[in-house]
Structures are given as structure tokens and as C-alpha cells.
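Enquirer: have a look at this prediction, sequence included:
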Amino acid sequence: MSLLVDMEKRLGDFNLRVQFEAEAGALALLGASGCGKSVTLRCIAGILTPDRGKILLDGTALFDSVARINLPPQKRRVGYLFQEYALFPHMTVRQNIAAAVRDRSLRHTAVEGQLRRFRLEDAAELLPRQISGGQRQRAALARMLAAEPRAILLDEPLSALDSFLRQQLETELTEVLEGFSGPAVWVTHDRGEAFRNCRRVCVLDRGVSQPVSSMEALLARPATAAAARLSGCENFFQAVPAENAVFLPEWGAAFRCGSPVPEDTGLAGIRARHVRPTKAGAENAFPCVVIRAVEDVSSVTVLLKREGTDAPLLRMELDKALWTAMGGPSHITAAVNPEDILLFPREAENP
């Protein structure tokens, strides 16, 4: 089973152009706030109507502007988990779940099964305002699955939860998706969340989708600067091609690259974890002044400036134990391996 989306939707000055195919398993729709992720889900669910294009679920048209097909939400068999859960406020948990069951003759059995599955028996007769945030999300999940959807849409399902609840419910969501045979689209701006739960990813940047890739490919070799930023690349510099190297004008230095440099290269990206302390004279090494060291639980982000210049700061991420062993120096020599320099075309420049 697959979900094919190829559509456009204009909202005021914002134009959404999305094209992807989600097969069995979870596809992450990854993008910054305001890029159109939730609008995309609402169009798939039938809450919003695209201006043109088509949406197919296992070959059946949910929307087709040419054929003039636009199925109402209740006929699409698409489960939608909203950020705010959207439980009916004047219905109990049991009633919320029952409202989603299509076959009335099976309603009692289906509801009891979902209550047990999500450990909601003790909350069954309570209203949404009387239960915890975690219980509300589990109730919303139970209601969604009680409708026997053919596809699942998750709209930043963990964003409203504290860190402890987030870990618990992320595990539950993972179990739900492992037992679901259809496609699922998981909207998030958190790359870690996407990596843990989704095998494939579609980056959405300012309303335009990018080609679907594996999560591994996104992290190892992102196709665009936007994808690199969303995958956690922290350092970007203007770049000028120089055979198998790039010259970074802002740093006043050239760096050898691990592969031939395309002629249209205009931007170089370097992940903070790929910047490392080294000895003077090493390949792609440069002397730096330490501007600041910001400690996290197990790592340290070190802000570096190339010695003798007003170059933009470079972020280096180290294990805290290593930084402590180095003694917190004020000057270091840093380097980056040639194969760890990411290259993007000029038109991708938009840090």
C-alpha cells in the first residue's frame, strides 16, 4: 500500500508544492516551522482542498483536480493525530473511541480492545479535561486506530509533551507503527525524532518538497543546503571551486575535498562533530582562537575563530571528557577531513 501526493496549494502569499510517495512504514516530513508540513497533512486528510494535483491512496484517488475528485474526510480512511489531539471535549474517553468505530455491531469489542491496548481502562469514563496529557494522546491514538485507517498522519505528535512523557509515548507510537501495514507520514522538525522512527524522509523547505531519501543518506550526504541544516549541519560558508578543493573567502583559506568540486559550488557545509582538534601541519588544519565553550550534558560546543581574522565563528562539538582532558585551551589547531566537507550549488545559498 502506498500514499502518493503531488499537489499545490496557495494560502495568501504562501505557495505549497509537494510531491512524494509514502510506502508501508513511516515517512518523515521534516521541515522548519511555517514550511507547510501541517498544511500538507490537512490536504491529505481532506480538511483543506489543494488547488491542483492529485492524492492517491493505494491507487484510489482521494483528490484529483483533473478528474474532479475530492472525497470528504470521512470517506478517505486516513487516521489523523493532531498536535492538540482534538478529542471531543464533552465525550468521555470511551465515547471518543466509540465515535470512530465504523461497524456499530463491533463497537463494544473494538472500544474495549483499544482501552486495554493503551491502558486507558481507569480513564474510560473521564472527560479529556480530567486526564493527563499522556492519557489524552493515548486516547487520541486509540480513537484513530478504532477507525481502521488505511494511512496514518502524525502532526508533530510529541511536541506538546515534557521529556519524560515524550520518551514513553514515542515508544508507544513506534509500536503502533510497527503493527500497522499501511503508509504513515510523521511530521516533525526534530531530526532525532525522525531518525529514530522513520526509515525515509522528505524535506520540506519554504513550501517546496525535496526528493525522498533514506535517513542515512540525509545525514551522510544531504542533497541541498536546506536538507543539511535540517539534518543538523551547523557551519556554512561561501565557497569558490578550486579543482579538488574549495576556497572559503570568509575564512581566507582553501580546503581539500574528498571528491571533485562541481563548478556551480557556492556553499560549503561542515558538521560541528566533524571539526576536530589536531596538530599544526595536518591536512585541512587551521589555527583558531577559542571564543567560548558551551557545555551540555555529555558534550561541549566550542566556538572557534580563525586566528588573525574576523572570520565567522566555526562550531566544533567534542565529547566533554576530551575537552576536559585538553584543559580548556584558549588556542587550538582544528581540522576537518576532506570527505566531511559538504558542497552545495550557488542557488542553494540561503543560510
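Expert: In hand now; what should we look at? Since the structure is predicted, the reported quantities are computational estimates derived from the model, not experimental observations.

Enquirer: what residues sit buried inside the helix or strand hosting T171?
Expert: Element membership of T171, judged by DSSP states H and E, is helix 163-178. Within helix 163-178, the residues that count as buried by 16 or more other CB atoms under 10 Å are 166, 169-170, 172-173, 176-177. Backbone N, C-alpha and C define where each C-beta goes, glycine included.

Enquirer: ok, now stretch 24-39?
Expert: In terms of neighbour count (16+ other CB under 10 Å), stretch 24-39 has its buried residues at 25-31, 35-39.

Enquirer: can you list the low-confidence ranges for this structure?
Expert: Applying pLDDT under 70 to the chain flags residues 160, 347-351.

Enquirer: give the residue farthest from the middle of it.
Expert: Centroid-distance maximum for the chain: S105 at 39.9 Å, with CA atoms, centre = their mean.

Enquirer: how much space between it and N337?
Expert: To N337, S105 is 64 Å away according to CB to CB, to the nearest Å.

Enquirer: next one: R292
Expert: 24 Å.

Enquirer: and if you look at A217?
Expert: A217 is 19 Å from N337, by CB to CB.

Enquirer: how long is stretch 261-272 end to end?
Expert: By CA to CA, to the nearest Å, the extent of stretch 261-272 from end to end equals 21 Å.

Enquirer: which parts of that stretch are buried?
Expert: Residues of stretch 261-272 classed as buried by neighbour count (16+ other CB under 10 Å): 261, 265-272.

Enquirer: CA atoms of stretch 163-174 as PDB?
Expert: Extracted in PDB, the C-alpha atoms of stretch 163-174 (Å, rounded to 0.1, in the frame of the first residue of the first chain):
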ATOM      1  CA  SER A 163      10.800  15.000  28.000                       C
ATOM      2  CA  PHE A 164       9.700  12.100  30.200                       C
ATOM      3  CA  LEU A 165       6.300  11.600  28.700                       C
ATOM      4  CA  ARG A 166       7.800  12.100  25.200                       C
ATOM      5  CA  GLN A 167      10.100   9.100  25.600                       C
ATOM      6  CA  GLN A 168       7.200   6.900  26.800                       C
ATOM      7  CA  LEU A 169       4.800   7.900  24.100                       C
ATOM      8  CA  GLU A 170       7.400   7.800  21.400                       C
ATOM      9  CA  THR A 171       7.900   4.100  22.300                       C
ATOM     10  CA  GLU A 172       4.200   3.600  22.100                       C
ATOM     11  CA  LEU A 173       4.000   5.300  18.700                       C
ATOM     12  CA  THR A 174       6.800   3.200  17.400                       C
END
